[in-house]
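# Sequence first, then the predicted structure:
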Amino acid sequence: EIEIIIPDDFHHHLRDNNYLIDTVSHISYNYSRILVMPNLKPPVRSLDEAISYRNRILDSIKSSDKPITFQPLMTLYLTDKTTSEQLIEAKNSNIVYGCKLYPAGATTNSEFGVTSISNLYPIFQTMSDIGLVLCVHGEIVDPDSDIFDREALFIINVLKPIINSFPNLKIVMEHITTKEAVDFIQSTGPNIRATITAHHLLYNRNDIFKGGINPHMYCLPILKSETHRLALLEAIKSGSSKFFAGTDSAPHAIETKESSCGCAGIFTAHAAVELYAEAFEQVNALEKLEGFMSIYGAEFYNLPINTIKIKLRKESWTVPKTLPFGDSYVIPVELILSI
């Protein structure tokens, strides 16, 4: 049994409307705060839209039997039309904690995203000036590029030029998946960090094809080779504050996963803390779990460290085969070690 400060999740997809009662229930059980992704349809592009979405999230908690101690941290979706005035207003609200850069077409509901990164350079300057965090989905969207190389190419072609042009801009490269990303993040200054998901720590690309094509193991960025998974494990084992938790839990109804063109996303919110604990136990580093889950991200986002603590106890637990998701259901990731 171990005790840790209640964690925060700095990358989470709650979806919206009738899905919220289910998604918020899962993640609020063992988490204090989550950074909510803005890629709805339509996306969350303004402070007013962020406030409205936040209210819907909080209303879903009020309709349950749980105390309201859970805090959604909102983000804005950057587009070619985002203005500096919008970002200053958002920063001053104490509701919005970051802006998300989705290259158009990179992942679910990213068709509203940025068509040219250079269009956002004035916006990046404003974000640097006011201390608003830039969260990036780090993949290029060139359809001719190999899907397993898109993260490394993004670092070279997009992220490095942004950092060189805006050396003080706070950036989180979200859900990194490769040794190249680990090495790059470790080489940068204190204003550049990365999140790592539990599923990229626990699974590799072979898991997409075990027993046939498994759409529930399909996500973006896609699972990589074992070499890259081991590099991610070494990153968390190091205890470096450059890396912290972002689950990227991304539920999709079963009919949209088990289809001719299954959606990208893996659902881990039901056991996010336990899945991370499994990864840390694999590398005999459970003493590093608390920093990764509960301290490093909060410090980077200038948030107070939570005071509540939770206990993790290793015992047998069978994950349900399905979990409710609005009018449908979702297939959750299973635990490996049953922590």
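Here it is on my side, so go on. As the structure is a prediction and not an experimental result, all values here were calculated from the model. Numbering: from 1, shown residues only.
# Where does pLDDT dip in the stretch 51-200 of the chain?
Counting by pLDDT under 70, the ranges of the stretch 51-200 of the chain that qualify are 63-68, 105-111, 113.
# Enumerate the strands of it by residue range, in sequence order.
With DSSP state E, counting those that start in this stretch as the definition, the stretch 51-200 of the chain shows strands at residue ranges 71-77, 96-101, 133-137, 171-174, 192-196.
# Could you say which one of the ones you listed comes nearest to residue 277?
When the strands of the stretch 51-200 of the chain are ranked by distance to residue 277, counting by Cβ to Cβ, first place goes to strand 192-196 at 13.9 Å. For glycine as for every other residue, the C-beta is placed from the backbone atoms N, C-alpha and C.
# For that closest one, which outside residues touch it?
Under the contact criterion Cβ atoms under 8 Å, 6 or more residues apart in numbering, strand 192-196 has outside partners 10-11, 163, 170-176, 181-182, 185, 232, 235-236, 241-246, 248, 296-297, 300.
# Pull out the buried residues from that strand.
Residues of strand 192-196 classed as buried: 192-196 (neighbour count, 16 or more other Cβ atoms under 10 Å).
# Then stretch 34-42?
Of the residues in stretch 34-42, those buried under the neighbour-count criterion (16+ other Cβ under 10 Å) are 34-40.
# and if you look at stretch 252-271?
252-254, 256-257, 262-271.
# Equivalent analysis for stretch 299-307, please.
Counting neighbours by 16+ other Cβ under 10 Å, the buried set in stretch 299-307 is 300-301, 303, 306.
# can you tell me which of those residues lies nearest to residue 29?
Within the set of the buried residues of stretch 299-307, residue 306 lies nearest residue 29; the separation is 14.5 Å, counting by Cβ to Cβ.
# hang on, residue 297 packs against residue 8?
Yes. Counting by Cβ atoms under 8 Å, residue 297 touches residue 8, with 5.4 Å between them.
# Going by contacts, tell me the helices and strands next to the longest helix along the chain.
Among the segments of the chain that qualify as a helix by DSSP state H, the longest is helix 47-62. Packed against helix 47-62 by the contact rule (3 or more Cβ pairs under 8 Å, 6 or more residues apart in numbering; DSSP states H and E) you find helix 20-27, strand 33-36, strand 71-77, helix 84-92.
# 6 Å - rerun?
In this structure, helix 47-62 makes packing contacts with helix 20-27, strand 71-77, judged by 3 or more Cβ pairs under 6 Å, 6 or more residues apart in numbering; DSSP states H and E.
# gap between residue 283 and residue 187?
Taken as Cβ to Cβ, to the nearest Å, the spacing of residue 283 relative to residue 187 amounts to 22 Å.
# The two: who's more crowded?
Neighbours were counted for residue 283 and for residue 187 using other Cβ atoms under 10 Å; residue 283 has more, 15 against 9.
# Name the nearest residue to the more buried one, sequence neighbours excluded.
residue 237 (4.4 Å; Cβ to Cβ, 6 or more residues apart in numbering).
# do you know how far the one you found is from residue 276?
Following Cβ to Cβ, the distance that separates residue 237 from residue 276 is 13 Å.
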